[in-house]
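Visitor: Got a predicted structure plus its sequence, pasted below:
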Amino acid sequence: MIDLTDYSPNQRKAITSIDKHLRIIACAGSGKTTTVAGKVAYLLDPKNDFNVSPENIIAFTFTEKAAAELKTKVLENVGHFRGMANMYTGTIHGWCLKALQENEYLYQSYSVLDEIKLKLFIDKHYDSIGMKEISKLSNPSVPLRRFVDTSLFVKIMDIIRESDNNNLPTNLQLAKKKYEAKLKENKFFDFSMILEKALENLESKTNLFSNIQSNLKYLIVDEYQDINPIQNKLIQKLQHISNCNLIVVGDDDQNIYQWRGSNNKYIINFEKNFSENSVQSIPLSENYRSSPGITKIAETLISNNKERIPNKQMLSAEKQNFERGKDILYNRYESVEEENRAIAQYINDIIGVPFTDGNGTRGLAFSDISILLRTWNKAESIVQALEDHNIPYITAGVNQLFDTPEIEAALGIFSFLYSDIDEEELELKWVSLPNNSLNKRNLQKAIENLKEKFPNLPSVDKNWEYSLQKIFWDFIYTSEAFEEAFIIETSNALFERTKERAEIMFFNFGKFSQVISDFEEINFNSSSPRFHLFSFLSFVNYVARDYYPEGWLNNPYKTPNAVQIMTIHQSKGLEFPVVILPGLNKNYLPAKKRGGLNEWHFLDRQLIVDQQRYERDPDKEDERRLLYVALTRSKKYLLLTQAPDLNNRLYKIESEYIQELNRARDGVFPVMISDKKFRFSNETKITPQPQEKVNNIALDFTTLKDIFDCPYRFKLVSVFGFRYPLNQRMGVGRSFHNCLMELHKRGKNGEIFNTEELQDLIDRQIHFPYLTNSIKLQEPLRKKVEKNVIEYHKDNHYDFEHIEFIEQDIQYKLDENILVLGRIDLIKKIKSNGQHETIIIEFKSDEENADLPITRDQLKLYALGHRELTGETADYIMTYVIGENKVKTPEKLYPEDLQEIEDKIRKSVNFIWSENFLKTNDFKKCNSCYQVRLCSRSINKEIKVRK
DNA sequence: GATCGCAATTTTTTT
DNA sequence: AATTGCGATC
């Protein structure tokens, strides 16, 4: 399976030593992920006969992105039909959530609030959520304020739940209790609560406990230097319960998340947790990424830190050569303007310089260059300079979404409804959008329609389904403001430009749709239309404005050839041929400690163990590590610049770290200081060629279905990100689904249900998140689910013993960079005529058209995943339509079906790669497509748009 | 050269 | 609210 000679001696040692706990100290660029993937493959290799199967291994990563990378690498090393879907690879949070939902029936109906929705939720319940319980230490009569101090409250709740703390005072205990009770009442988790509850669950002899005890053999934790106390507790707990081998991987010099409580003491003192002979530490000191110049300069800097693993080193494997006086430059300028101009100049000069790596020699392109920032407020002036020099760039942190004309126009719809602006102003916002060919009559029609939604109209006032999302979608539909309306149809370059601009515009509309969705998921129907509108506008103005980054980036389906601007934190784990590090001033890097009201004015420092980790350390070791991370991102070229900021007194003096870099001048100092003699403009150039980026994508069935039906719908939903309007009836399908899941799990264990137990089960699983003030709907919806579950139980309970899998995760690696993911509702194995027959079952609610060929596609896809999991091919597929409760005959599955669906997926993915988002010609599909109202097809007379 | 007062300025982000 | 830089003052 894997060839051990592909690895360095120490990598090999890390892969093959499997008896002891292992600490792998992996320096930057040391092939960490490759080694971990190799280790997993080695453990699973049947030839080695270690008796390890995928469900015996858990691998924690820091981010989902890192998880996807590791998953792909592992699958490259492991063959087919090995049940890899049963190995968990993902974040700690992801694991805890899955563990809770699979083992505790109560948590199946919970959903997780991200930061923005959590804040909305807290503000909505300000009076009862415990915020008032916390007041200023210096003045107990001043409690945390609604809206203003919500972030502080979130921080405090996180700190007291994720840190090791001493006995909390009663007010904090009460606040925590109220906070968690409120979340629970609404079936929400926040991120900390997932960890807390999972840990709690492991304290007693639960299903989860015995599951871990009997299954877990190897626990891999990546980025171990960034672990915080509660995560550490969880890892320890898992180890104690299962007595598994612990493999921790990380680099203490790259601990940069300490303000979240992460602590590199865990990796530094790892060995002390275990008896002497049971633990081994292996350094991966060879850096395959960077030139000796880069490793030298980085080593020099970090050696000033005291709190680190002793006797560490990083050696360049010399995959890149080092040319002194050219590769690494440190230039100083008179002003920031001059500095930025010089950066733009440097970029233009270095484009086309020959660059050689494992894939041969090519000319450097824009996408090889990254500008790394300590803080975002540095970005604006740099962006300006790049624009002046016509340099393409992408950036993810400059908040200008709400300043774009399209978002101002979209927001205008709601300002108009709230009577902040009049009809003319709204119309003006839309007709002055760039490149638009909007029809004025349609626009006026859309505005006329809006007038029926004024919140002060008596008819509207009583409407509990006042959906801002629907108003937004209807406006686009009626005004016919489709993507094409912003493209100028000419045959020259202008056409291409307007096409691109229209795409960005719709991407931003999609983002706006998400803003509405985030708001309405928390506040749907909770107040009168007028107040709903008012809260939304306040949310946009006070919260959303600096929360949602602007559009056309972070787009997994499109990687433009452009300079990447990001923070040093975001660059963790990435690498670039060219790294530019501007603004090396005091107070910027190291950053100045932030002033202002903070959580420690409300939370006594004494209560928290290792409290100082949350604030900047006096030795500035944290910031030094940050610079270290930045330096080690570079493969070869590094430009450091400094200039006094004439407009800001804080940023005038050179960073103290420059002197530390300077101290390495032992005759081989690699930096050329300040003489600006070297210019790439004199170098020979070849054709710039962006590195072929292998974009791994994971597709689930919902996404595939969009592409199958209509690639343009995929674009609207997955590329642009439009969100469907919410309605009160939502939750019926999921409630029923969750009831069946519990029923099946317990039924499989031989449990028999009486009426009362069945009722309990239903009560526990029923959840209609958007149903509030209107009581009228509550009962009918409830009855509907109840009736269906009871009938289903009556018709099927005799068969529960034949269940083989419930809610089984599947994954199928279609080719190098396509991973298909899914979850099968139910798999039964029935013995008939002395032979076992496997049936894959999917439940569909009666609103969905279960007979469509698309459902058969879904089942075939699941059969593919099932084969990957078990090595067997299922015999039948079957759809069970909820509500009809008609037992349908299973359909025979043929081997050709699997081949057919594979080809179909391949074809679809090619659509995505070629960015060919064609609209379907099958008008029947348009008739059943809700998104058609965002699409120019809706003008077609043959197409009926559903109400 | 030390000290004081005053005005200007003030992060990082994943789950 | 805290930190910083800088000019005024001792």
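Guide: Okay, I see it. Numbers count the residues shown, from 1 in each chain, chains lettered A, B, ... in the order given.
Visitor: quick check: longest strand of chain A.
Guide: strand A:818-832 (DSSP state E).
Visitor: Return the list of helices and strands in contact with that one.
Guide: Secondary-structure packing of strand A:818-832 (3 or more C-beta pairs under 8 Å, 6 or more residues apart in numbering; DSSP states H and E): helix A:64-77, strand A:697-699, helix A:732-748, strand A:803-815, strand A:835-844, helix A:853-870, helix A:895-913. For glycine as for every other residue, the C-beta is placed from the backbone atoms N, C-alpha and C.
Visitor: ok, now with 6 Å
Guide: Strand A:818-832 sits against strand A:697-699, strand A:803-815, strand A:835-844, helix A:853-870, with contacts defined as 3 or more C-beta pairs under 6 Å, 6 or more residues apart in numbering; DSSP states H and E.
Visitor: Determine which stretch of the ones you listed is the most buried.
Guide: helix A:853-870 (a mean of 21; mean count of other C-beta atoms under 10 Å).
Visitor: picking that back up, distance to DNA strand C added to the helices and strands packed on strand A:818-832, as a markdown table?
Guide: Converted to a markdown table, the helices and strands packed on strand A:818-832 look like this (distance: least, C-beta to the nearest atom of the strand, whole Å):
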| stretch | distance to DNA strand C |
| --- | --- |
| strand A:697-699 | 44 |
| strand A:803-815 | 49 |
| strand A:835-844 | 56 |
| helix A:853-870 | 55 |
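Visitor: Dump these into JSON lines; add mean pLDDT and distance to residue A:233 as well.
Guide: Putting these into JSON lines (pLDDT from 0 to 100; distance: least, C-beta to C-beta, whole Å) gives the following:
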{"stretch": "strand A:697-699", "mean pLDDT": "82", "distance to residue A:233": "30"}
{"stretch": "strand A:803-815", "mean pLDDT": "89", "distance to residue A:233": "26"}
{"stretch": "strand A:835-844", "mean pLDDT": "88", "distance to residue A:233": "38"}
{"stretch": "helix A:853-870", "mean pLDDT": "89", "distance to residue A:233": "32"}
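Visitor: out of the ones you listed, which comes closest to DNA strand B?
Guide: Closest of these to DNA strand B is strand A:697-699, at 13.3 Å (criterion: C-beta to the nearest atom of the strand).
Visitor: does DNA strand B sit close to that closest one?
Guide: No. If you take C-beta under 7 Å from any atom of the strand as the test, strand A:697-699 misses DNA strand B, and the best it gets is 13.3 Å.
Visitor: who touches that strand?
Guide: Residues outside strand A:697-699 that contact it (C-beta atoms under 6 Å, 6 or more residues apart in numbering) are A:819, A:820, A:821.
Visitor: Distance from the chain centre to that strand, please.
Guide: Taking C-alpha atoms, centre = their mean, to the nearest Å, the mean C-alpha location of strand A:697-699 is offset from the chain mean by 13 Å.
Visitor: what's the neighbour count on the residue in the stretch 551-700 of chain A positioned nearest to DNA strand B?
Guide: Proximity to DNA strand B, evaluated over the stretch 551-700 of chain A using C-beta to the nearest atom of the strand, is greatest for residue A:595 at 2.8 Å. For residue A:595, the count of nearby residues is 6 (other C-beta atoms under 10 Å).
Visitor: Now do it, the pLDDT please.
Guide: Residue A:595 carries a pLDDT value of 76.
Visitor: ok, now residue A:897?
Guide: For residue A:897, pLDDT reads 90.
Visitor: That one touches residue A:860, doesn't it?
Guide: Yes. Residue A:897 lies in contact with residue A:860 (C-beta atoms under 6 Å); the separation is 4.9 Å.
Visitor: Tell me which residue of chain A is furthest from the middle?
Guide: residue A:833 (48.7 Å; C-alpha atoms, centre = their mean).
Visitor: Next one: that one relative to residue A:875, how far apart?
Guide: In this view, residue A:833 and residue A:875 are 12 Å apart by C-beta to C-beta, to the nearest Å.
Visitor: what's the answer for residue A:493, then?
Guide: To residue A:875, residue A:493 is 57 Å away according to C-beta to C-beta.
Visitor: what's the answer for residue A:859, then?
Guide: From residue A:859 to residue A:875 the distance is 12 Å (C-beta to C-beta).
Visitor: near DNA strand C, which residues of the stretch 551-700 of chain A?
Guide: A:586, A:587, A:592, A:593, A:595, A:596, A:597, A:601, A:649, A:650, A:652, A:653.
Visitor: And for the stretch 1-150 of chain A?
Guide: Going by C-beta under 7 Å from any atom of the strand, none of the residues of the stretch 1-150 of chain A are near DNA strand C.
Visitor: in the stretch 1-150 of chain A, what residue is nearest DNA strand C?
Guide: residue A:138 (7.6 Å).
Visitor: need the contact list for that residue.
Guide: Counted by C-beta under 6 Å, 6+ apart, residue A:138 has zero contacts.
Visitor: go with 8 Å
Guide: By C-beta atoms under 8 Å, 6 or more residues apart in numbering, residue A:138 lies in contact with residue A:601.
Visitor: host element of it?
Guide: In this assignment (DSSP states H and E), residue A:138 forms part of neither any helix nor any strand.
Visitor: For it, give its distance to residue A:190.
Guide: The value you get for residue A:138 to residue A:190, if C-beta to C-beta is used, is 28 Å.
Visitor: Quick one: neighbours of the closest residue to residue A:589 other than its chain neighbours, just the number.
Guide: Spatial nearest neighbour of residue A:589, excluding adjacent residues (C-beta to C-beta, 6 or more residues apart in numbering): residue A:374 at 4.5 Å. A count of nearby residues for residue A:374, using other C-beta under 10 Å, gives 24.
Visitor: So what's the residue count around residue A:425?
Guide: 12.
Visitor: how close does it get to residue A:416?
Guide: Distance, residue A:425 to residue A:416, using C-beta to C-beta: 8 Å.
Visitor: How about residue A:603?
Guide: Distance from residue A:603 to residue A:416, by C-beta to C-beta: 44 Å.
Visitor: Check residue A:178 too.
Guide: 39 Å.
Visitor: Doesn't residue A:712 belong to a helix?
Guide: Yes. Membership of residue A:712 in a helix is supported by DSSP: H, G, I helix; E, B strand; the rest coil.
Visitor: related to what we said a few turns ago, mind putting the contacts of strand A:697-699 into JSON lines with pLDDT?
Guide: Shown next, in JSON lines, are those (pLDDT from 0 to 100):
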{"residue": "A:819", "pLDDT": "86"}
{"residue": "A:820", "pLDDT": "89"}
{"residue": "A:821", "pLDDT": "90"}
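Visitor: so which of those residues would you say is closest to residue A:902?
Guide: Proximity of those to residue A:902 (C-beta to C-beta) peaks at residue A:820, which lies at 9.4 Å.
Visitor: Would you agree the closest one is in contact with residue A:858?
Guide: No. Using C-beta atoms under 8 Å, residue A:820 is not in contact with residue A:858, being 11.3 Å away.
Visitor: if we can go back for a sec, so residue A:178 and residue A:416 - more neighbours on which side?
Guide: residue A:416 (21 against 17).
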